[in-house]
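K.L.:
below is the structure, and that's it, no one-letter string:
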């Protein structure tokens with residue numbers, strides 16, 4: 001059974017920073033892509049950042065140069081460092097693990113953590 005738990009969300013003023021963590025309980029963390037998504041009311045869920053098993057990162061244009069994704073395979077944890085936060089970054093942030101094993105790809109999701117940026 002795989003379980004993901006996000007933490008680190010909260011209320012911050014515009015221009016501030018937060019670091020989200022996603023702890024994965026289960027196997028195959030090293031064999032997984034880790035992806036951060038976000039969703040705000042009335043809008044579709046969007047990919048914010050992702051990191052491959054090899055450590056390559058990619059970002060949505062809206063967060064490039066402000067957010068940084070990282071992973072610590074020894075701790076089964078993924079991180080999202082968010083700097084220069086803007087009110088439009090307000091959303092619920094979700095951690096998504098995609099396990100690559102045996103020729104298949106299996107997704108797992110955390111329950112999300114709320115980030116609210118005040119102007």
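P.N.:
Arrived safely, thanks for sending. None of the values given here were measured: they were computed from a predicted structure. Residues are numbered from 1 along each chain as shown.
K.L.:
quick one: distance of stretch 42-61 to the chain centre.
P.N.:
Centroid displacement of stretch 42-61 relative to its chain, using CA atoms, centre = their mean, to the nearest Å, is 8 Å.
K.L.:
quick one: mean pLDDT for stretch 19-28?
P.N.:
Stretch 19-28 shows an average pLDDT of 94 in the prediction.
K.L.:
mind listing what's buried along it?
P.N.:
Judged by neighbour count using 16 or more other CB atoms under 10 Å, the buried positions of stretch 19-28 are 20-24, 28. For glycine as for every other residue, the C-beta is placed from the backbone atoms N, C-alpha and C.
K.L.:
contact partners of it?
P.N.:
By CB atoms under 8 Å, 6 or more residues apart in numbering, the list of residues contacting stretch 19-28 from outside reads 1-9, 32, 34, 36, 75-82, 93, 95, 97, 99, 101, 108, 110, 113, 115.
K.L.:
can you rerun that using 6 Å?
P.N.:
By CB atoms under 6 Å, 6 or more residues apart in numbering, the residues outside stretch 19-28 that reach it are 2-8, 76-81, 93, 95, 97, 99, 101, 110.
K.L.:
centroid-nearest residue for the protein?
P.N.:
Among the residues of the chain, the one closest to the centroid is residue 36, at 2.6 Å (CA atoms, centre = their mean).
K.L.:
picking that back up, ok, of the contacts of stretch 19-28, which come out buried?
P.N.:
Burial of the contacts of stretch 19-28 was assessed by neighbour count (16+ other CB under 10 Å); the buried members are 2, 4, 6, 8, 76-80, 93, 95, 97, 99, 110.
K.L.:
of these, which pair is most distant in space?
P.N.:
The largest distance within the buried ones among the contacts of stretch 19-28, taken as CB to CB, falls between 8 and 99 and amounts to 22.9 Å.
K.L.:
pipe the buried ones among the contacts of stretch 19-28 into TSV and attach pLDDT and secondary structure per row.
P.N.:
Listed next are the buried ones among the contacts of stretch 19-28 as TSV, based on pLDDT from 0 to 100; DSSP: H, G, I helix; E, B strand; the rest coil:
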residue	pLDDT	secondary structure
2	85	coil
4	96	strand
6	97	strand
8	98	coil
76	96	coil
77	97	strand
78	98	strand
79	98	strand
80	98	strand
93	98	strand
95	98	strand
97	96	strand
99	92	strand
110	97	coil
